[in-house]
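Student: Can you look at this prediction? I've put the sequence above it.
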Amino acid sequence: MNVRKRSSAIPLLLLVILAAPLSSAAKTKPNLLLITIDTLRPDRLGCYGSPFLSTPAVDGLAARGVLFTRAFAHTPMTLPSHANILLGVTPPVHGVHDNGHFIVPADRPSLAPHLKSQGYATAAFVGAYPLDARFGLGRGFDVYDDDFGAQNFASRAYVERPAGAVVERAVAWIERQAGPWFAWVHCFDPHVPYAPPEPYLSRFRDRPYDGEVAFVDEALGRLFAALRAGGREAGTVVVFTADHGEALGEHGESTHGYFAYNSTIQVPLVIAAPGLAPRRTDALASHVDIVPTVCELLGVRLPAGLEGVSLVPAAKGGRLADRPFYIESLYPYFSRGWAPLRGVISGGRKFIDSPVPELYDLRKDFSEAADIAATTDLAPFRKTLAAFLVGGGRAGASAAAPPLDAAAREKLRSLGYVTGPTPRPAGPFTARDDIKTLLPFEMKTEEANRLAGEGKLDEAARRLKEILGERDDFDAAYTSLAALYKNSGRLADALAVLDLAREKLPRNYDIFLASVSYLLAAGRHADVVRLFEATDLPQRETDPEIWNSLGVARAGLGDPTGARAAYERALTLDPDYPAARTNLGTLGLILFLKSGDRAELGRAVKEFETAVAIDPRYAPGWNGLGAAAKESGDAARAAVAWEKALELEPGLGPALYNLGVLSLEQGKKERARALLLKYQELFGPRLNQAERDRLEGLLDRTIKQP
């Protein structure tokens, strides 16, 4: 049939009706943009009535979308929450309960591979290390962008990148897509430490958390503008939420990860999609509802085994059936050995199961000020909770935990997470183990650390000792006091504190690691070996860091065979561990210098090259490569390697000294003098007399005429 020739004979109304299906069929599938903001409280968004700041980008999204006033996370931690969001099931099912110690299982359906099977291009742009691909969320993404910048463990930039950088990468990818796509954008900025860039730092000097939120909103404004400019806004389903909230002092909690009150598990949830009219709804929603909701909005089939329900009926003004929600906070249990905390929201009430149980009527008391557990029969709530744990399929079991290498441990620690894991007691737990009992000591420890950072060392030490006087089994007080002493030059006192800590907490791995680190700093290599041999902790079998430390100790004792075996054991556990590669190269270089065996030199060069290939920003690796190149007779390569080391770490002593000597040998006296003076400034007081004399001799040569 020739429609074009006959169209003039068809009534206009009929033409419109017939044209609609043809137009619809020509359309591509809707796109999906999932935005998760870390640590975001709803009350910091204008669309949720914030009295604190303006958030025009998110408010604009809410103005054209559906805003859920009562949406909840199931856990106040980043990795478990994102597993809930992307898998559509809770931790009792997927087994991920904490950051760093769990891998999202590959045997569970997940949103990215599901949409990929439906013809979607998929990409994720994540803002911080807890969502690194090694923890399992990258499955099904064509692109999983988890580039967090330079490897400097002391720098926030190493484990977090700002929202602007995340959005820039996401926009560039979206603009390249010709067909339907799913993009997940994760911004970490509101998480501690609160350090927004200018002008937000100055504008929110007394409220840096709010400044982080304002900065993220600005970045999201650029993302939404790019969607509009590219003509993609109308054809894109946008889901905006947070992984969890932030306590900001409510209930005695400064940040998150301990309690499961609404301050940390209520989250914003805004959904904008073709066919959804703007509205607000007080229908209860949770993270596991997101997958079934977007599948309905995209018109794709549901993955199997979901726990949540589609929120589309509520988004269109209807009602949802009443159902219970599972909640938990198990970071304190898995990382600290404290009592577990689990609970349910059911029938408008929240039950928190712990050694000291709690119950709140959220319909009358959303801020959870009045605990009614003592006057209520808790048996029905315990039965509902038990059904989640048994019905989940894993019965509260845990997903496989990866070995946490030194880099991973330090990245998570820099974000405020203790990274044990500690051996988990089986119970029974008492009020002494309850988070409500122990968290005040944690807050006092954080305050002491703040005082130490301000240089108030005596006051900080006094407070930490007070904590230990009340709770001589409180791990963080021991490690904080030891760190305070070490950083103030009192290494012997630090080691004495750790000796006491090991007597009280012999199975605590963080205390064991601190002891090894400080003994190495003191040059007590024999004590490191003795401690290693006397401490049979299970983490030794999965942690490359401790084997690397043992290698350093054995090398210091003149045991190259033992040192090499330890380094190789570390690399068996983590082949991409640059410190162990560098130390193995250093060992080979030392053996070459002693024996003249050029095979050792060749092995050293290979290890250094591997180290810097694994991590091009690992300055000690470049320094080692420079030393090996110099011994190989390649002075030009040595100079390039040492310059690179100093570019990455300007105060790296061996590189300063080595490049200074090489520059002097090459007749570059001005360059040599600058390097050697810098070395003298930084390390002169630590040198023995022979080393000082040698350095003075080199400096004299930089000013004397030939």
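Tutor: Noted; the coordinates are in hand. This one's a predicted model, so the numbers in the text were calculated from it and none came from an experiment. Numbering: from 1, shown residues only.
Student: separation between residue 205 and residue 211?
Tutor: Look at residue 205 and residue 211: by Cβ to Cβ, to the nearest Å, they are 8 Å apart. For glycine as for every other residue, the C-beta is placed from the backbone atoms N, C-alpha and C.
Student: So between those two, which is more surrounded?
Tutor: Between residue 205 and residue 211, counted using other Cβ atoms under 10 Å, the more crowded position is residue 211 (25 against 10).
Student: Please identify which helix or strand holds that one.
Tutor: Assigned by DSSP states H and E, residue 211 belongs to helix 208-229.
Student: Quick check: what element follows that helix along the chain?
Tutor: Once helix 208-229 ends, the next helix or strand along the chain (criterion: DSSP H and E) is strand 236-242.
Student: Could you list every helix and strand in contact with that next one?
Tutor: strand 31-37, helix 56-63, strand 266-272, helix 290-298 (3 or more Cβ pairs under 8 Å, 6 or more residues apart in numbering; DSSP states H and E).
Student: Looking at the ones you listed, spot the one closest to residue 250.
Tutor: Nearest to residue 250 among those is strand 266-272 (11.2 Å), distances taken as Cβ to Cβ.
Student: Skip ahead from the closest one and say which helix or strand is next.
Tutor: Defined by DSSP H and E, the subsequent element after strand 266-272 is strand 279-281.
Student: Each with direction, which strands does that following strand pair with?
Tutor: strand 66-72 (parallel) (DSSP bridges).
Student: what ranges do the strands span in this protein?
Tutor: With DSSP state E as the criterion, the chain has strands at 31-37, 66-72, 121-125, 143-145, 181-187, 236-242, 266-272, 279-281, 285-286, 325-329, 341-346, 349-353, 358-361.
Student: circling back to that earlier point, would a markdown table of the helices and strands packed on strand 236-242 with mean neighbour count be doable?
Tutor: Formatted as a markdown table, the helices and strands packed on strand 236-242 follow (neighbours: other Cβ atoms under 10 Å):
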| stretch | mean neighbour count |
| --- | --- |
| strand 31-37 | 24 |
| helix 56-63 | 20 |
| strand 266-272 | 25 |
| helix 290-298 | 22 |
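Student: Put together CSV for those, with mean pLDDT and distance to residue 369 on each row.
Tutor: Output for the helices and strands packed on strand 236-242, formatted as CSV (pLDDT from 0 to 100; distance: least, Cβ to Cβ, whole Å):
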stretch, mean pLDDT, distance to residue 369
strand 31-37, 98, 27
helix 56-63, 98, 28
strand 266-272, 98, 15
helix 290-298, 98, 30
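Student: And those: which comes nearest residue 543?
Tutor: Comparing these by Cβ to Cβ, strand 31-37 comes nearest, at 30.0 Å.
Student: Return the alpha-carbon coordinates of that closest one using PDB.
Tutor: Only the C-alpha atoms of strand 31-37 are listed here, as PDB (Å, rounded to 0.1, in the frame of the first residue of the first chain):
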ATOM      1  CA  ASN A  31      18.200   5.700  28.300                       C
ATOM      2  CA  LEU A  32      18.900   5.300  32.000                       C
ATOM      3  CA  LEU A  33      21.000   7.700  34.100                       C
ATOM      4  CA  LEU A  34      21.500   6.500  37.700                       C
ATOM      5  CA  ILE A  35      23.000   9.100  40.000                       C
ATOM      6  CA  THR A  36      24.200   8.100  43.500                       C
ATOM      7  CA  ILE A  37      25.600  10.700  45.800                       C
END
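Student: Offset the numbering so it begins at 521, please.
Tutor: New numbering, starting at 521: the last item is strand 551-557.
Student: which residues sit against it?
Tutor: Residues from elsewhere that reach strand 551-557 (Cβ atoms under 8 Å, 6 or more residues apart in numbering): 602, 605, 631, 635, 640, 697, 700-707, 709-710, 736, 740, 743, 747, 752, 755-763, 788, 810, 814, 818.
Student: Just the pLDDT for residue 674.
Tutor: pLDDT, residue 674: 36.
Student: in this structure, which segments are predicted with low confidence?
Tutor: 521-547, 668-679, 911-947, 1224-1226 (pLDDT under 70).
Student: So which residue is dead centre in this protein?
Tutor: residue 650 (2.6 Å; Cα atoms, centre = their mean).
Student: So that residue is in contact with residue 622, correct?
Tutor: No - if you go by Cβ atoms under 8 Å, residue 650 and residue 622 don't touch, sitting 10.7 Å apart.
Student: hey, what's in contact with both of those two?
Tutor: Jointly contacting residue 650 and residue 622 under the rule Cβ under 8 Å, 6+ apart are residue 599.
Student: So which bits of the helix holding residue 731 are buried?
Tutor: Within helix 728-749, the residues that count as buried by 16 or more other Cβ atoms under 10 Å are 728-741, 743-744, 746-747.
Student: Next, the contact list for the residue lying closest to residue 1052 once chain neighbours are set aside, please.
Tutor: Excluding the flanking residues, the one nearest residue 1052 by Cβ to Cβ, 6 or more residues apart in numbering is residue 1070, at 5.3 Å. Contact partners of residue 1070, counting by Cβ under 8 Å, 6+ apart, are 1048-1049, 1052, 1086.
Student: switch to 10 Å and redo it
Tutor: The contact partners of residue 1070, taken as Cβ atoms under 10 Å, 6 or more residues apart in numbering, are 1036, 1040, 1045, 1048-1049, 1051-1053, 1060, 1082-1083, 1085-1087, 1089-1090.
Student: For it, give its distance to residue 820.
Tutor: Distance, residue 1070 to residue 820, by Cβ to Cβ: 52 Å.
Student: go on, residue 693?
Tutor: Here residue 693 is placed at a distance of 21 Å from residue 820 (Cβ to Cβ).
Student: coming back round to it: can you tell me which of the helices and strands packed on strand 756-762 is nearest to residue 999?
Tutor: Set against residue 999 and scored by Cβ to Cβ, the helices and strands packed on strand 756-762 come closest in strand 551-557, at 31.0 Å.
Student: Direction included, what does that closest one pair against?
Tutor: Strands that pair with strand 551-557, judged by DSSP bridges, come out as strand 701-707 (parallel), strand 756-762 (parallel).
Student: Quick one: distance of the last one to the chain centre.
Tutor: In other words, strand 756-762. Remark: strand 756-762 is offset 22 Å from the chain centroid, using Cα atoms, centre = their mean, to the nearest Å.
Student: What is the end-to-end distance of stretch 713-731?
Tutor: End-to-end span of stretch 713-731 (Cα to Cα, to the nearest Å): 12 Å.
Student: buried sites along that stretch?
Tutor: By 16+ other Cβ under 10 Å, the buried positions in stretch 713-731 come out as 714, 716, 720, 724, 727-731.
Student: Could you export the residues you listed as a markdown table, including distance to residue 656?
Tutor: Shown next, in a markdown table, are the buried residues of stretch 713-731 (distance: Cβ to Cβ, whole Å):
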| residue | distance to residue 656 |
| --- | --- |
| 714 | 29 |
| 716 | 30 |
| 720 | 33 |
| 724 | 35 |
| 727 | 35 |
| 728 | 32 |
| 729 | 29 |
| 730 | 33 |
| 731 | 32 |
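Student: Show me which of those is closest to residue 1107.
Tutor: residue 714 (42.9 Å).
Student: Quick one: residues contacting the closest one.
Tutor: 559, 721, 724, 727-733, 766, 775.
Student: and the gap between it and residue 593?
Tutor: According to Cβ to Cβ, residue 714 stands 20 Å off from residue 593.
Student: Repeat that for residue 764.
Tutor: From residue 764 across to residue 593, the span is 5 Å (Cβ to Cβ).
Student: Overlap of the contact sets of these two?
Tutor: Common neighbours of residue 764 and residue 593 (Cβ under 10 Å, 6+ apart) are 600-601, 776, 780, 784-787, 807.
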